[in-house]
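> What follows is a predicted protein model with its sequence.
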Amino acid sequence: MVFTVMLTTGKAVGSEQKVLGTIDSIGTRTLVVRAEADAGVLNDVMSRVEDIVGVTWALGFSPAQDVTNSAFEDGTPVPVRFAYGTQLGTLSIPERQPISDDLAYVSPEALSQLGLDYPSGSISLNSGAAIAVVGEIETPEVLDRFEPLVVVPRQDSTTDNQPLGLVVVTVDAPENVEAVGKAVLSVLAATDSTKVKIESSKELADLRAIIQSQLGSFSRTLVLALFSVTAVLLTVVMTGLVLMRRKDFGRRRALGGTRSFVFLMLLLQTSILSLAGALAGSLTSLALLAGSGDPLPGMAFSVSVITLTLGTALVAGVIPALIASRREPMKELRVA
(Lines give C-alpha, C1' and ligand atoms only; values in the text may rest on other atoms or scores of the structure.)
Protein backbone atom coordinates (compact mmCIF):
# COMPACT_ATOMS: atom_id res chain seq x y z
CA MET A 1 0.00 0.00 0.00
CA VAL A 2 2.71 2.46 1.00
CA PHE A 3 4.66 1.57 -2.11
CA THR A 4 1.64 2.41 -4.28
CA VAL A 5 0.84 5.64 -2.41
CA MET A 6 4.42 6.88 -2.61
CA LEU A 7 4.71 6.16 -6.33
CA THR A 8 1.39 7.83 -7.13
CA THR A 9 0.44 10.47 -4.59
CA GLY A 10 4.02 10.92 -3.43
CA LYS A 11 5.11 11.65 -6.98
CA ALA A 12 2.19 14.09 -7.37
CA VAL A 13 3.10 15.85 -4.10
CA GLY A 14 6.73 16.10 -5.18
CA SER A 15 5.65 17.63 -8.49
CA GLU A 16 3.35 20.04 -6.64
CA GLN A 17 6.20 21.18 -4.39
CA LYS A 18 8.44 21.64 -7.42
CA VAL A 19 5.81 23.73 -9.24
CA LEU A 20 5.15 25.87 -6.17
CA GLY A 21 8.88 26.29 -5.65
CA THR A 22 9.23 27.52 -9.23
CA ILE A 23 6.42 30.04 -8.72
CA ASP A 24 7.94 31.19 -5.44
CA SER A 25 11.30 31.70 -7.12
CA ILE A 26 9.65 34.20 -9.47
CA GLY A 27 8.78 36.31 -6.45
CA THR A 28 5.34 35.60 -5.04
CA ARG A 29 6.33 37.21 -1.74
CA THR A 30 7.85 40.42 -3.08
CA LEU A 31 6.61 44.01 -2.96
CA VAL A 32 8.38 46.86 -4.74
CA VAL A 33 7.36 50.45 -4.02
CA ARG A 34 8.53 52.95 -6.65
CA ALA A 35 8.43 56.63 -5.75
CA GLU A 36 9.45 59.68 -7.74
CA ALA A 37 12.03 61.96 -6.16
CA ASP A 38 9.42 64.60 -5.27
CA ALA A 39 6.83 62.12 -3.93
CA GLY A 40 7.87 62.88 -0.37
CA VAL A 41 8.82 59.33 0.63
CA LEU A 42 11.79 59.74 2.97
CA ASN A 43 14.25 57.24 4.38
CA ASP A 44 12.77 57.42 7.90
CA VAL A 45 9.89 55.29 6.59
CA MET A 46 12.08 52.18 6.80
CA SER A 47 11.66 51.84 10.57
CA ARG A 48 7.89 51.82 10.11
CA VAL A 49 7.97 49.35 7.22
CA GLU A 50 10.18 46.93 9.15
CA ASP A 51 7.70 46.94 12.05
CA ILE A 52 4.76 45.77 9.90
CA VAL A 53 3.57 42.28 10.80
CA GLY A 54 4.36 39.92 7.94
CA VAL A 55 7.43 41.79 6.68
CA THR A 56 10.48 39.55 6.80
CA TRP A 57 12.93 41.71 4.86
CA ALA A 58 12.98 45.33 3.71
CA LEU A 59 15.45 47.81 2.28
CA GLY A 60 15.02 51.32 0.96
CA PHE A 61 17.02 52.83 -1.90
CA SER A 62 17.48 56.38 -3.10
CA PRO A 63 16.75 57.31 -6.73
CA ALA A 64 19.47 55.92 -8.99
CA GLN A 65 22.40 58.05 -10.11
CA ASP A 66 24.93 57.15 -12.77
CA VAL A 67 28.52 56.48 -11.77
CA THR A 68 31.58 55.58 -13.81
CA ASN A 69 35.01 54.21 -13.06
CA SER A 70 37.11 57.19 -11.98
CA ALA A 71 40.06 55.76 -13.88
CA PHE A 72 38.30 56.15 -17.25
CA GLU A 73 36.99 59.36 -18.78
CA ASP A 74 34.31 57.66 -20.87
CA GLY A 75 33.54 54.62 -18.73
CA THR A 76 30.30 52.69 -18.85
CA PRO A 77 27.70 54.37 -16.60
CA VAL A 78 26.26 52.13 -13.89
CA PRO A 79 23.41 53.11 -11.53
CA VAL A 80 24.28 53.63 -7.87
CA ARG A 81 21.77 53.79 -5.03
CA PHE A 82 22.11 54.85 -1.40
CA ALA A 83 20.63 52.13 0.79
CA TYR A 84 18.72 52.47 4.07
CA GLY A 85 17.56 49.82 6.53
CA THR A 86 18.73 47.44 9.20
CA GLN A 87 19.15 44.39 6.98
CA LEU A 88 22.09 45.41 4.84
CA GLY A 89 23.94 42.42 6.26
CA THR A 90 21.99 40.18 3.87
CA LEU A 91 23.98 41.81 1.06
CA SER A 92 27.26 40.95 2.83
CA ILE A 93 27.64 44.60 3.83
CA PRO A 94 29.12 45.16 7.31
CA GLU A 95 26.72 46.61 9.87
CA ARG A 96 29.25 49.30 10.74
CA GLN A 97 31.40 51.07 8.19
CA PRO A 98 35.09 51.57 8.97
CA ILE A 99 34.93 55.31 8.19
CA SER A 100 32.20 57.92 8.10
CA ASP A 101 32.62 58.65 4.37
CA ASP A 102 30.37 57.03 1.81
CA LEU A 103 31.65 53.63 0.68
CA ALA A 104 30.38 51.62 -2.27
CA TYR A 105 29.72 47.91 -2.54
CA VAL A 106 29.27 46.38 -5.99
CA SER A 107 27.78 43.19 -7.41
CA PRO A 108 29.86 40.98 -9.73
CA GLU A 109 27.90 42.25 -12.75
CA ALA A 110 28.49 45.88 -11.77
CA LEU A 111 32.15 45.09 -11.17
CA SER A 112 32.45 43.84 -14.73
CA GLN A 113 30.63 46.80 -16.28
CA LEU A 114 32.72 49.29 -14.32
CA GLY A 115 35.90 47.64 -15.60
CA LEU A 116 37.16 46.72 -12.14
CA ASP A 117 39.11 43.52 -11.68
CA TYR A 118 38.63 43.57 -7.93
CA PRO A 119 36.10 45.24 -5.57
CA SER A 120 38.41 48.15 -4.91
CA GLY A 121 38.97 51.48 -6.59
CA SER A 122 36.98 54.65 -7.07
CA ILE A 123 33.77 55.58 -8.86
CA SER A 124 32.61 59.07 -9.78
CA LEU A 125 29.13 60.57 -9.72
CA ASN A 126 27.95 62.96 -12.41
CA SER A 127 28.53 65.76 -9.91
CA GLY A 128 32.22 64.85 -9.80
CA ALA A 129 32.14 63.45 -6.26
CA ALA A 130 34.16 60.27 -5.83
CA ILE A 131 33.16 57.24 -3.79
CA ALA A 132 35.57 54.48 -2.81
CA VAL A 133 34.69 50.91 -3.75
CA VAL A 134 35.52 48.69 -0.78
CA GLY A 135 33.66 45.42 -1.22
CA GLU A 136 31.56 43.01 -3.23
CA ILE A 137 27.95 42.19 -2.43
CA GLU A 138 25.91 39.03 -2.85
CA THR A 139 22.79 40.07 -4.72
CA PRO A 140 19.72 38.37 -3.25
CA GLU A 141 17.16 37.01 -5.70
CA VAL A 142 14.71 39.77 -4.80
CA LEU A 143 17.14 42.40 -6.12
CA ASP A 144 18.16 40.61 -9.33
CA ARG A 145 15.93 42.91 -11.38
CA PHE A 146 18.05 45.92 -10.33
CA GLU A 147 21.35 44.57 -11.65
CA PRO A 148 23.98 45.89 -12.14
CA LEU A 149 23.82 46.81 -8.46
CA VAL A 150 26.01 49.39 -6.76
CA VAL A 151 25.01 50.16 -3.18
CA VAL A 152 26.22 52.88 -0.84
CA PRO A 153 24.96 52.09 2.68
CA ARG A 154 23.83 54.90 4.93
CA GLN A 155 24.10 53.98 8.60
CA ASP A 156 21.88 56.75 9.95
CA SER A 157 18.46 56.04 8.50
CA THR A 158 16.34 58.32 10.72
CA THR A 159 17.85 61.83 10.49
CA ASP A 160 18.99 62.20 6.88
CA ASN A 161 15.48 62.85 5.52
CA GLN A 162 16.64 61.75 2.10
CA PRO A 163 14.12 60.82 -0.61
CA LEU A 164 13.64 57.17 -1.50
CA GLY A 165 13.06 55.90 -5.00
CA LEU A 166 12.59 52.26 -4.09
CA VAL A 167 11.37 50.26 -1.14
CA VAL A 168 11.76 46.51 -1.60
CA VAL A 169 9.85 44.26 0.81
CA THR A 170 9.64 40.50 1.26
CA VAL A 171 6.51 39.08 2.89
CA ASP A 172 6.37 35.95 5.05
CA ALA A 173 3.69 34.18 2.97
CA PRO A 174 2.20 34.68 -0.53
CA GLU A 175 -1.33 34.98 0.85
CA ASN A 176 -0.27 38.00 2.94
CA VAL A 177 1.09 40.02 -0.01
CA GLU A 178 -2.06 42.08 -0.56
CA ALA A 179 -2.57 42.94 3.12
CA VAL A 180 1.08 43.86 3.67
CA GLY A 181 1.07 45.95 0.50
CA LYS A 182 -1.81 48.04 1.85
CA ALA A 183 -0.02 48.42 5.18
CA VAL A 184 3.19 49.55 3.47
CA LEU A 185 1.33 52.19 1.47
CA SER A 186 -0.34 53.45 4.65
CA VAL A 187 2.98 54.16 6.41
CA LEU A 188 4.85 55.79 3.52
CA ALA A 189 3.67 59.29 4.47
CA ALA A 190 4.07 60.44 0.87
CA THR A 191 3.24 64.08 0.17
CA ASP A 192 2.00 63.17 -3.30
CA SER A 193 0.54 59.67 -3.44
CA THR A 194 -0.02 59.93 -7.20
CA LYS A 195 3.75 59.65 -7.65
CA VAL A 196 3.96 56.39 -5.72
CA LYS A 197 3.35 53.00 -7.32
CA ILE A 198 3.50 49.57 -5.77
CA GLU A 199 4.36 46.44 -7.71
CA SER A 200 3.16 43.29 -6.04
CA SER A 201 3.11 39.66 -6.96
CA LYS A 202 -0.56 39.30 -6.04
CA GLU A 203 -1.38 37.65 -9.35
CA LEU A 204 1.36 35.09 -8.83
CA ALA A 205 0.24 34.58 -5.23
CA ASP A 206 -3.33 33.94 -6.41
CA LEU A 207 -2.06 31.54 -9.06
CA ARG A 208 0.00 29.75 -6.42
CA ALA A 209 -3.05 29.37 -4.17
CA ILE A 210 -5.15 27.95 -7.04
CA ILE A 211 -2.48 25.45 -8.07
CA GLN A 212 -1.86 24.39 -4.49
CA SER A 213 -5.59 23.92 -3.90
CA GLN A 214 -6.18 21.89 -7.08
CA LEU A 215 -3.12 19.68 -6.76
CA GLY A 216 -3.68 19.25 -3.03
CA SER A 217 -7.30 18.24 -3.58
CA PHE A 218 -6.27 15.64 -6.14
CA SER A 219 -3.61 14.21 -3.83
CA ARG A 220 -5.97 14.02 -0.84
CA THR A 221 -8.67 12.30 -2.89
CA LEU A 222 -6.21 9.76 -4.23
CA VAL A 223 -4.79 9.00 -0.78
CA LEU A 224 -8.27 8.65 0.72
CA ALA A 225 -9.34 6.24 -2.03
CA LEU A 226 -6.21 4.10 -1.73
CA PHE A 227 -6.36 3.84 2.05
CA SER A 228 -10.10 3.14 2.05
CA VAL A 229 -9.71 0.24 -0.37
CA THR A 230 -6.69 -1.00 1.57
CA ALA A 231 -8.58 -0.89 4.87
CA VAL A 232 -11.41 -3.01 3.45
CA LEU A 233 -9.04 -5.56 1.88
CA LEU A 234 -6.94 -5.71 5.04
CA THR A 235 -10.03 -6.37 7.16
CA VAL A 236 -11.14 -9.19 4.85
CA VAL A 237 -7.67 -10.78 4.74
CA MET A 238 -7.14 -10.57 8.50
CA THR A 239 -10.59 -11.95 9.19
CA GLY A 240 -9.81 -14.91 6.94
CA LEU A 241 -6.50 -15.52 8.74
CA VAL A 242 -8.22 -15.34 12.11
CA LEU A 243 -10.80 -17.93 11.03
CA MET A 244 -8.01 -20.18 9.73
CA ARG A 245 -6.20 -19.91 13.09
CA ARG A 246 -9.27 -20.07 15.29
CA LYS A 247 -8.04 -23.23 17.03
CA ASP A 248 -4.77 -21.44 17.95
CA PHE A 249 -6.71 -18.64 19.56
CA GLY A 250 -8.92 -21.20 21.30
CA ARG A 251 -5.82 -22.86 22.80
CA ARG A 252 -4.57 -19.49 24.06
CA ARG A 253 -7.90 -18.90 25.71
CA ALA A 254 -7.81 -22.40 27.22
CA LEU A 255 -4.31 -21.74 28.62
CA GLY A 256 -5.54 -18.67 30.47
CA GLY A 257 -5.36 -15.93 27.88
CA THR A 258 -8.03 -13.32 28.40
CA ARG A 259 -10.06 -11.76 25.64
CA SER A 260 -8.24 -8.47 26.04
CA PHE A 261 -4.88 -10.27 25.82
CA VAL A 262 -5.79 -11.94 22.53
CA PHE A 263 -7.25 -8.68 21.20
CA LEU A 264 -4.15 -6.62 22.05
CA MET A 265 -1.78 -9.36 20.88
CA LEU A 266 -3.33 -9.40 17.43
CA LEU A 267 -3.27 -5.58 17.18
CA LEU A 268 0.38 -5.56 18.27
CA GLN A 269 1.29 -8.12 15.62
CA THR A 270 -0.59 -6.06 13.05
CA SER A 271 1.16 -2.83 14.02
CA ILE A 272 4.64 -4.38 13.94
CA LEU A 273 4.10 -5.95 10.53
CA SER A 274 2.47 -2.76 9.17
CA LEU A 275 5.30 -0.55 10.41
CA ALA A 276 7.95 -2.84 8.90
CA GLY A 277 6.09 -2.98 5.60
CA ALA A 278 5.53 0.80 5.58
CA LEU A 279 9.22 1.52 6.15
CA ALA A 280 10.29 -0.95 3.48
CA GLY A 281 7.74 0.39 1.00
CA SER A 282 8.71 4.02 1.66
CA LEU A 283 12.43 3.42 1.25
CA THR A 284 11.95 1.36 -1.90
CA SER A 285 9.60 3.87 -3.52
CA LEU A 286 11.83 6.83 -2.64
CA ALA A 287 14.79 5.01 -4.18
CA LEU A 288 12.81 4.36 -7.37
CA LEU A 289 11.63 7.99 -7.56
CA ALA A 290 15.17 9.26 -7.06
CA GLY A 291 16.53 6.82 -9.61
CA SER A 292 14.01 7.90 -12.25
CA GLY A 293 14.69 11.61 -11.63
CA ASP A 294 11.19 12.35 -10.31
CA PRO A 295 10.77 14.95 -7.56
CA LEU A 296 10.69 13.50 -4.04
CA PRO A 297 7.67 14.27 -1.83
CA GLY A 298 9.66 15.31 1.22
CA MET A 299 10.13 13.91 4.70
CA ALA A 300 6.87 15.30 6.12
CA PHE A 301 4.78 13.50 3.50
CA SER A 302 6.68 10.22 3.96
CA VAL A 303 6.25 10.28 7.74
CA SER A 304 2.56 11.15 7.33
CA VAL A 305 2.01 8.20 4.97
CA ILE A 306 3.74 5.80 7.36
CA THR A 307 1.67 7.11 10.28
CA LEU A 308 -1.55 6.88 8.28
CA THR A 309 -0.65 3.35 7.21
CA LEU A 310 -0.14 2.29 10.79
CA GLY A 311 -3.44 3.88 11.83
CA THR A 312 -5.31 2.25 8.94
CA ALA A 313 -3.88 -1.16 9.79
CA LEU A 314 -4.90 -0.82 13.44
CA VAL A 315 -8.43 0.27 12.52
CA ALA A 316 -8.74 -2.55 10.00
CA GLY A 317 -7.48 -5.01 12.59
CA VAL A 318 -10.13 -4.19 15.21
CA ILE A 319 -12.88 -6.44 13.79
CA PRO A 320 -10.58 -9.48 13.22
CA ALA A 321 -9.08 -8.96 16.69
CA LEU A 322 -12.55 -8.91 18.23
CA ILE A 323 -13.46 -12.11 16.39
CA ALA A 324 -10.24 -13.79 17.59
CA SER A 325 -10.74 -12.69 21.19
CA ARG A 326 -14.26 -14.13 21.32
CA ARG A 327 -13.40 -17.65 20.24
CA GLU A 328 -14.70 -20.09 22.85
CA PRO A 329 -12.02 -22.60 23.99
CA MET A 330 -14.45 -25.49 24.49
CA LYS A 331 -15.90 -25.09 21.02
CA GLU A 332 -12.58 -24.70 19.18
CA LEU A 333 -10.82 -27.58 20.98
CA ARG A 334 -13.72 -30.03 20.69
CA VAL A 335 -12.71 -33.20 18.82
CA ALA A 336 -15.33 -34.62 16.53
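On my side now, so go ahead.

> Assign the residue nearest to residue 126 when sequence neighbours are not counted to helix, strand or coil.
Excluding the flanking residues, the one nearest residue 126 by Cβ to Cβ, 6 or more residues apart in numbering is residue 66, at 5.8 Å. Any C-beta I mention is one placed from the backbone N, CA and C, and that applies to glycine too. Secondary structure assignment for residue 66 (DSSP: H, G, I helix; E, B strand; the rest coil): strand.

> list the contacts for residue 66?
77-80, 125-126 (Cβ atoms under 8 Å, 6 or more residues apart in numbering).

> Ok, residue 306 next?
By Cβ under 8 Å, 6+ apart, the neighbours of residue 306 are 2, 275, 278-279, 282.

> The residue lying closest to residue 36 once chain neighbours are set aside: neighbouring residues, count only.
The shortest distance from residue 36 to any non-neighbouring residue, by Cβ to Cβ, 6+ apart, is to residue 195 (4.1 Å). Close neighbours of residue 195, defined as other Cβ atoms under 10 Å, add up to 15.

> So residue 195 versus residue 37, what's the distance?
9 Å (Cβ to Cβ, to the nearest Å).

> try residue 284
63 Å.

> tell me the mean pLDDT over the host helix or strand of residue 56?
Using DSSP states H and E, residue 56 falls within strand 55-61. The predicted model assigns strand 55-61 a mean pLDDT of 91.

> Just the residues contacting it, thanks.
29, 43, 45-46, 49-50, 81-85, 87-88, 90, 142, 146, 151, 157, 164-172, 180, 184.

> What's the PyMOL syntax to select whichever of those are buried?
If you want just the buried ones from the contacts of strand 55-61 in PyMOL, going by 16 or more other Cβ atoms under 10 Å, the selection is:
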select buried, resi 29+43+45+46+49+50+81+82+83+84+85+87+88+142+146+151+157+164+165+166+167+168+169+170+171+180+184
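
> From the contacts of strand 55-61, which land in strands?
81-84, 151, 166-171 (DSSP state E).

> those strands in this structure, which residues are they?
30-35, 55-61, 65-69, 78-84, 103-106, 121-125, 130-136, 150-153, 166-171, 196-200.

> Lowest average pLDDT across those strands?
Among the strands of the chain, strand 196-200 scores lowest, with a mean of 83.

> Quick check: neighbours of that one in the sheet, parallel or antiparallel?
strand 30-35 (antiparallel) (DSSP bridges).

> hang on, the earlier thing: buried only: go through the contacts of residue 66 for me.
78-80, 125.

> will you turn those residues into CSV that also has distance to residue 95?
Output for the buried ones among the contacts of residue 66, formatted as CSV (distance: Cβ to Cβ, whole Å):
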residue, distance to residue 95
78, 25
79, 24
80, 21
125, 25
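
> Which member of the residues you listed is positioned nearest residue 200?
residue 79 (23.0 Å; Cβ to Cβ).

> excluding its backbone neighbours, what's nearest that closest one?
In space, residue 79 is closest to residue 64, 3.8 Å off (Cβ to Cβ, 6+ apart).

> residues in contact with that neighbour?
79-81, 165.

> Redo the strands of the chain as JSON lines? Include distance to residue 296.
Formatted as JSON lines, the strands of the chain follow (distance: least, Cβ to Cβ, whole Å):
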{"stretch": "strand 30-35", "distance to residue 296": "27"}
{"stretch": "strand 55-61", "distance to residue 296": "27"}
{"stretch": "strand 65-69", "distance to residue 296": "46"}
{"stretch": "strand 78-84", "distance to residue 296": "39"}
{"stretch": "strand 103-106", "distance to residue 296": "38"}
{"stretch": "strand 121-125", "distance to residue 296": "47"}
{"stretch": "strand 130-136", "distance to residue 296": "35"}
{"stretch": "strand 150-153", "distance to residue 296": "38"}
{"stretch": "strand 166-171", "distance to residue 296": "27"}
{"stretch": "strand 196-200", "distance to residue 296": "32"}
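
> surely residue 69 meets residue 115?
Yes: using Cβ atoms under 8 Å, residue 69 is in contact with residue 115, at 5.1 Å.

> Could you check which of these two is surrounded by more residues?
More crowded of residue 69 and residue 115, by other Cβ under 10 Å: residue 69, with 20 against 14.

> List the contacts of that one.
75-76, 114-116, 121-124.

> and if we set it to 10 Å?
75-78, 113-116, 121-124, 133 (Cβ atoms under 10 Å, 6 or more residues apart in numbering).
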